[in-house]
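[1] Turn this into a structure:
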Amino acid sequence: MIAEFSIMPVGAGVSLSPFVAECLRIVRDSGLKHQLTPMGTVLEGDGDKVVATIMACHSQVLRMSDRVVTSIKIDDRRDRPADMERKVRSVEEKLGKN
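    You can find the predicted model right below:
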């Protein structure tokens with residue numbers, strides 16, 4: 001599974017980096033392959049572990065704020081293993097054919 005998620009504490013001010021840092025600690029401790037992006041975090045791995053990691057992040061931010069909104073996008077294939085790099089490479093290869 002590949003999942004992208006973002007967590008927004010509501011009413012917590014302008015800077016989100018302290019919340020992102022807390023979540024990134026959880027993500028790193030999970031051992032999942034991950035990529036931090038400017039607008040969210042991408043995880044790759046076993047579906048149950050991916051979802052559990054996202055929920056651990058959600059719970060941590062909820063401990064830091066009174067209200068939290070979490071958005072999740074999931075790409076779950078059964079025909080071959082999930083691979084973040086392969087998805088990007090596939091698009092880049094098609095761009096090179098133009």
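
[2] Contacts for the longest helix along the chain, please.
    Longest helix of the chain, by residue count under DSSP state H: helix 47-64. Contact with helix 47-64 is made by 1, 3, 5, 7, 9, 12, 18-19, 22-23, 26-27, 30, 32, 43-44, 68, 70, 72, 76, as judged by C-beta atoms under 8 Å, 6 or more residues apart in numbering. Bear in mind the C-beta positions are built from the backbone N, C-alpha and C, glycine included.

[3] what does the average pLDDT come to for the following helix or strand past it?
    Scanning forward in sequence from helix 47-64 by DSSP states H and E, the next helix or strand is strand 68-75. For strand 68-75, mean pLDDT is 96.

[4] What of stretch 87-98?
    Averaged over stretch 87-98, pLDDT sits at 82.

[5] Export only the CA atoms of it, formatted as CSV.
    Backbone C-alpha positions of stretch 87-98 (Å, rounded to 0.1, in the frame of the first residue of the first chain) are rendered in CSV as follows:
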residue,chain,number,x,y,z
LYS,A,87,5.1,5.3,-9.9
VAL,A,88,7.2,8.4,-10.4
ARG,A,89,9.6,6.7,-12.8
SER,A,90,6.7,5.5,-14.9
VAL,A,91,5.5,9.1,-15.4
GLU,A,92,9.0,10.4,-16.0
GLU,A,93,9.6,7.8,-18.7
LYS,A,94,6.4,8.8,-20.5
LEU,A,95,7.5,12.5,-20.4
GLY,A,96,10.8,11.5,-22.0
LYS,A,97,8.9,9.9,-25.0
ASN,A,98,7.5,13.3,-26.1
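
[6] Appreciated, that's everything.
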